[in-house]
Structure formats: C-alpha cells, structure tokens
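Enquirer: predicted model and sequence below, questions to follow.
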Amino acid sequence: MENNIEGLVEMKNSFKIYALMTVKNEADIVIEALEHASLWADKIFVIDNNSSDSTFSLIREYANVNPKIIIWGQYGGAFYLGLRQVLFKDYREIAKEGDWWCRLDGDEFYIDDPRDFLSAIPDNFDHVYNASFQYYFTYDDYINEKNSLSSEISVLKRLEWYKCNHSEIRFVKHTNLICWPQLLEWPCNLRYPYSKRIRLKHYQYRSINQIDARLALRNAPDSGTSFTHEKVSVEQWYSKRKFTAPDSEELKLYRVVNNDDLTNSSDFKYNDEELPPVRPYNYKKKIRNFMINFYMSFMNKYFFKI
C-alpha cells in the first residue's frame, strides 16, 4: 500500500517546469533572478530584447556554468506581450502532457516554491495566477543610495517595503492540444484557473539610475504598445496605485513611495478582493475552446500549423 502511495506521489511530481524569460537592461539583478529560478525550473529559455547594458553578456557567461539556461538570442524589435510565444514555438517539442510553462521576468523571485505549489494542484486546472508583491523605492532607500550606503547590497536585502497590488497568469499546463498563436500573451484555449494564487516578489524600482533608465525606456517612442502602467503622468502613476505623492519633485521623479502606503510584513498575505480577478471558465470560453480543440485535433496539421 505504501509503495502504491509513493508511486502516485512520484507520478504527481514528475512534471517539468519550463520558464520563458524576456529581459532588457536588468544587469543589476538578472543573474540573481536566474540563480533563484534555477532552484525549481528544469529549463529557462531566455530572449534578450536588445539590452544596451551588460545584461546579455552576463547571461551568456552564466549560461556557460548553468546548463538550465538556454539562450534564444537577441530580438531587436519593440517589446510586445506575446514575445514569449516565440520561445514557446521554438522549444515546445521539449514539453510533454502535464508539464508547465512559466512566464518569468528578470526582476522577480518566487515566495512559494513553484514545484511544491504546482504539485498540489488537482489535474483539471490548467493555469495559475500570481499574487505579485511589488517592491517600491522608499525615502530611506533614496537617502541610503545618496549616501552611498546601499550600492553593494543585494536588492533582496536592500528593499523591504512592498504592496501586493497586481496579479496575472504566470503558469500554464502543457497539453497536446495547446494553441498559442503568434502575438498572444498566452494560449487561447485555457480552461480552468486554480483559485489560489502563487506568490512572488517583484523588484521593478531598485535604484535611482535604474528607475530613471526604466522610465525613459518604457516611455521611448519605439517602446511599442506595452508598458501602459508606466506611460502615464507622475500624478497618474501615484493615483493608479493609490499612493500619496511626495511633495518633492525630485522624489516624484524617482517614484519614491511613502512607507505609510506600504508594508514590510514577513507574512506575505494578500487580499483577493484587492487584486484583479481570476477569470472563470464560462460558457462562452467552453464554446470557443471546443472549436479550437477541434481545429487542433483534426485540421492543424493540414493548414496553418499553430
């Protein structure tokens, strides 16, 4: 009996996790992020969106000592949310039924171990939303950097204040009928979302120079149609996040956030009602998926192969 139970547990945990990372100008944090993700991902496929700092060279050096890192290369066009589909398309043959694809950014670290989290999900669920604990640059962080007190400290230890105010799909289960057309952010025939969200830390705003470069890059004329959360006025940036803007124009320039608007609790609890909703599998989606799955089953190999 015990051997049967152990066998079932082993089958449950036999899936692979393949992370899809797009990255641009994350030299100060990307290797730490890759090291952390390598603890749970079986492979990490990386596409560099034409970084102008040392990001790409650092990743290439790191890939020489970490066989889990697979570099697709560099993409010189404007970023778009479906860019990870390029990675999926070129490496999909590595996956088998029941494996998982992960959207991975170069500035995030999982609180929950994805392998343990995904192992606990019943088989009928095929995608998972995250609870993103977004770390912000506070006045103390600003002063410490101005006084050269924090430049050599890892961002994981240096930044302490966050707000959990974002959620999106982060893991998708692989099936033989998975349909992920070009330009789409995720496959178009997903079914049941898991109700519990996987928690991660997201470090978008890390230092004065990094914040300045980030905002300039995302507001540049060639930045594409993404980054709408950054393409707003300073006042809108604070109001959208329900933060009180500082009086100082310089502090606003670097998106400095008051501690009173954040928390530094080690519990990492989130409130579902404060996050974007987990979208249910409704009747309309069922009809759409029936048509997509019919195409993938009987027609895909004859026409436009997806």
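Expert: The structure has been received and is ready for your questions.

Enquirer: longest strand in the protein, please.
Expert: Counting by DSSP state E, the longest strand found in the chain is strand 127-135.

Enquirer: gap between the two ends of stretch 224-240?
Expert: The distance separating the two terminal residues of stretch 224-240, taken as C-alpha to C-alpha, to the nearest Å, comes to 21 Å.

Enquirer: any idea how far that stretch is from the chain center?
Expert: 19 Å (C-alpha atoms, centre = their mean, to the nearest Å).

Enquirer: buried residues of that stretch, list them for me.
Expert: Of the residues in stretch 224-240, those buried by neighbour count under the rule 16 or more other C-beta atoms under 10 Å are 226-227, 237-238. Glycine gets a C-beta too; all of them are placed from N, C-alpha and C.

Enquirer: nearest to Glu273 among those residues?
Expert: Minimum distance to Glu273 across the buried residues of stretch 224-240 is 21.8 Å, recorded for Tyr238 (C-beta to C-beta).

Enquirer: how confident was the prediction at the closest one?
Expert: Each residue has a pLDDT score; the one for Tyr238 is 97.

Enquirer: show me what the host helix or strand of it is packed against.
Expert: If you go by DSSP states H and E, Tyr238 is part of helix 234-240. Helices and strands in packing contact with helix 234-240 are listed as helix 249-253; criterion 3 or more C-beta pairs under 8 Å, 6 or more residues apart in numbering; DSSP states H and E.

Enquirer: tell me the first helix or strand C-terminal of the helix it packs on.
Expert: helix 283-298.

Enquirer: what about whichever helix or strand Leu34 is part of, distance to the chain center?
Expert: Under DSSP H and E, the secondary-structure element containing Leu34 is helix 30-37. Centroid separation between helix 30-37 and its chain, computed with C-alpha atoms, centre = their mean, is 13 Å.

Enquirer: flag every buried residue along it.
Expert: By neighbour count with 16+ other C-beta under 10 Å, helix 30-37 contains the buried residues 30-34, 37.

Enquirer: which strands and helices sit next to the helix or strand just after it?
Expert: Stepping forward along the backbone from helix 30-37, the first helix or strand reached (DSSP H and E) is strand 43-48. Counting contacts by 3+ C-beta pairs under 8 Å, 6+ apart, strand 43-48 packs against strand 17-23, helix 55-63, strand 69-74, helix 84-91.

Enquirer: ok so, going back, turn the buried residues of stretch 224-240 into TSV, including distance to Ser54.
Expert: Shown next, in TSV, are those (distance: C-beta to C-beta, whole Å):
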residue	distance to Ser54
Ser226	23
Phe227	22
Trp237	28
Tyr238	32
